[in-house]
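Engineer: coords please:
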Amino acid sequence: MTDIIIKNIIRFIVLVLFQVLILNNILLGGYINPYLYTVFILMLPFRTPNWLLLVFSFAMGICIDMFSDTIGMHAAACVLAAFVRPFTINYVYTKEDYEYVTQPSVKDMGLYPFLTYASIIIFIHHFALFYIEAFRFSGFFSTLLKVILSSLFTIILIIITQYIFVREKKKK
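Structural biologist: Alright, predicted model coming up:
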């Protein structure tokens, strides 16, 4: 249990630093902003209570906001993503699918279910973030293009990190 807590604290710190120091400085074509820090919300254990999930997500978002000078935009998008996470898990997985798995990952759950789960959460997060940032509907379609392209790029980064950093559990 303590190893899960330590692993998530390290993941939190590394993702905040990586996002703030490297990824926040990337803007591809004016439309693609990668937000890899959302993998923290995706990878929290299944048994995390909903209230704690919201607190952790808010903490992640507010840390990114403090370093990015975005005044709560990331915090709001993260809390929304955390709020829909349990519903998304129940939509994508059955209880039997994740009964013996501690946290969602590609190697434990398979590519298609994880990809579906991650895509829904990432799209909701990015949709909220970019429309809060724009705060108008006059550029609705250009903002929607930014949401779609950034979501796709973030999902690709998440899948790559899943295959690089998540190890399979040894079977007894």
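Engineer: only C-alpha atoms for contact and neighbour calcs from this point on.
Structural biologist: Noted.
Engineer: Next up, the contacts around the residue positioned nearest the centre of the chain.
Structural biologist: Residue closest to the average C-alpha location in the chain (Cα atoms, centre = their mean): Thr38, at 2.2 Å. Neighbouring residues of Thr38 by Cα atoms under 8 Å, 6 or more residues apart in numbering: Cys78, Ile122.
Engineer: what residues are up against Ile159?
Structural biologist: Val106, Leu115.
Engineer: Which helix or strand contains it?
Structural biologist: Assigning secondary structure by DSSP states H and E places Ile159 in helix 140-165.
Engineer: chain center to that helix, what's the gap?
Structural biologist: Per Cα atoms, centre = their mean, to the nearest Å, the displacement of helix 140-165 from the mean C-alpha position of its chain is 10 Å.
Engineer: Return the distance of Pro113 relative to Leu53.
Structural biologist: Distance from Pro113 to Leu53, counting by Cα to Cα, to the nearest Å: 21 Å.
Engineer: Beyond the helix-or-strand element of the chain with minimal mean pLDDT, next helix or strand please.
Structural biologist: Least confident helix or strand of the chain, by mean pLDDT, DSSP states H and E, is helix 95-98 with a mean of 66. Counting by DSSP H and E, the next helix or strand C-terminal to helix 95-98 is helix 106-109.
Engineer: distance between that next one and the chain's centre?
Structural biologist: That offset, for helix 106-109, works out to 16 Å (Cα atoms, centre = their mean).
Engineer: Same check on stretch 51-61?
Structural biologist: Distance, centroid of stretch 51-61 to centroid of chain: 12 Å (Cα atoms, centre = their mean).
Engineer: and that stretch, which residues are buried?
Structural biologist: Using 16 or more other Cα atoms under 10 Å as the test for burial, stretch 51-61 gives Leu53, Leu54, Phe56, Ser57, Phe58, Ala59, Met60, Gly61.
Engineer: for that stretch, what is the average pLDDT?
Structural biologist: Here stretch 51-61 scores 96 as its mean pLDDT.
Engineer: Show residues contacting it.
Structural biologist: 12, 16, 37, 41, 44, 72-79, 82-83.
Engineer: Quick check, Ile124 in contact with Val79.
Structural biologist: No - Ile124 is beyond contact range of Val79, at 10.7 Å (criterion: Cα atoms under 8 Å).
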